[in-house]
Each structure stands twice: as C-alpha cells, then as structure tokens.
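**Student:** Structure for the following, please:
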Amino acid sequence: QVQLVESGGGLVQAGGSLRLSCSTNTRAMNRYDAGWFRQTPGNEREFVAAITWSGNDTAYADSVKGRFTISRDNAKSTVYLQMNSLKPEDTAVYYCAADWVSQGYLRYADLYGHWGQGTQVTVSS
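**Tutor:** Numbering: from 1, shown residues only. Below you'll find the predicted structure:
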C-alpha cells in the first residue's frame with residue numbers, strides 16, 4: 001500500500017512562493033505517475049499538475065501554467081510542486097495522488113488510486 005504524505009503548505013502573501021512535497025513510504029512510488037490536485041469547500045477536486053513516472057512528461061492546468069512546476073526525485077521517492085506568483089484564487093487544500101495512469105489521462109482524478117491527506121495553502125491578498 002502506497003502512503004502519500006504532503007507537506008509544505010501554509011500561509012503566504014499574494015506574489016509569494018511555496019514548495020509542496022509529497023513523500024511516500026515505498027519505492028514503488030517511483031513507478032507511478034503522480035499528480036497534484038486541489039479542492040476548495042463546496043467544489044470538486046481540480047487538477048493542478050501531473051508528471052509521468054519517468055519525469056519525462058508533465059501536464060498543467062491552464063490556471064497555473066507558467067507559475068507552477070511539478071518535478072520528482074525518484075531517489076527520494078518524492079514529488080514536488082513549486083508554486084510561484086501565488087494568487088488568492090490558489091487558496092485550497094492541495095492533494096498528492098499516484099497511480100499507473102496513461103499519459104493522456106493524467107488530469108483525471110478518478111484514475112488515481114492513492115491519495116495523501118492534503119495540505120492547506122492559503123494566499124492572502
């Protein structure tokens with residue numbers, strides 16, 4: 001069973017930066033594609049970014065393209081989300097997800113079977 005643990009969330013002013021980390025308890029994570037999703041109260045979980053298991057391919061939501069960068073360090077079994085130029089509308093609980101997902105379907109939350117508990121990101125104006 002892959003257990004995912006997110007960290008790095010917090011309170012930041014608009015224009016600031018945060019780096020989220022998603023660590024795991026098994027190197028099996030290194031063979032999984034991984035994604036970051038976010039959710040605000042009353043709304044469905046929203047795709048943010050994803051990366052294939054090799055790290056060779058990435059995908060981003062239009063709302064974060066150019067500001068967020070997803071990466072992974074398979075030696076540490078960790079996936080990162082660098083968030084720059086944060087906006088108040090980025091405020092949400094951010095979740096890490098992992099599974100074997102076809103490259104063209106990385107943005108679909110239902111295809112991920114392993115999820116972290118989430119980390120709160122709050123961007124003040």
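**Student:** Leaving out chain neighbours, which residue sits closest to the spatially most central residue of the chain?
**Tutor:** By CA atoms, centre = their mean, the chain has its centre lying nearest to Trp36, at 2.2 Å. Using CB to CB, 6 or more residues apart in numbering and skipping the chain neighbours, the partner closest in space to Trp36 is Val48 (4.3 Å). C-beta here means a position set from N, CA and C on the backbone, and glycine is covered the same way.
**Student:** what's the burial count for that neighbour?
**Tutor:** Using other CB atoms under 10 Å, Val48 has 24 other residues around it.
**Student:** so what's it up against?
**Tutor:** Gly35, Trp36, Phe37, Arg38, Tyr60, Ala61, Val64, Phe68, Leu81, Tyr94 (CB atoms under 8 Å, 6 or more residues apart in numbering).
**Student:** Check Trp115 too.
**Tutor:** Contacts for Trp115 (CB under 8 Å, 6+ apart) come out as Leu4, Tyr95, Cys96, Ala97.
**Student:** Can you give me the separation between the last one and Gly113?
**Tutor:** Right, Ala97. 8 Å (CB to CB, to the nearest Å).
**Student:** now the first one
**Tutor:** Separation of Leu4 from Gly113 (CB to CB): 11 Å.
**Student:** on that earlier part again, quick check: the residue nearest to the centre of the chain touching Arg19?
**Tutor:** No. Using CB atoms under 8 Å, Trp36 is not in contact with Arg19, being 11.6 Å away.
**Student:** any common contacting residues for the two?
**Tutor:** Leu81.
**Student:** looking at the contacts of Trp115, which has the most residues close by?
**Tutor:** Each of those was scored for neighbours by other CB under 10 Å, and Cys96 scores highest at 29 neighbours.
**Student:** any idea which of the contacts of Trp115 is closest to Leu106?
**Tutor:** Proximity of the contacts of Trp115 to Leu106 (CB to CB) peaks at Ala97, which lies at 9.9 Å.
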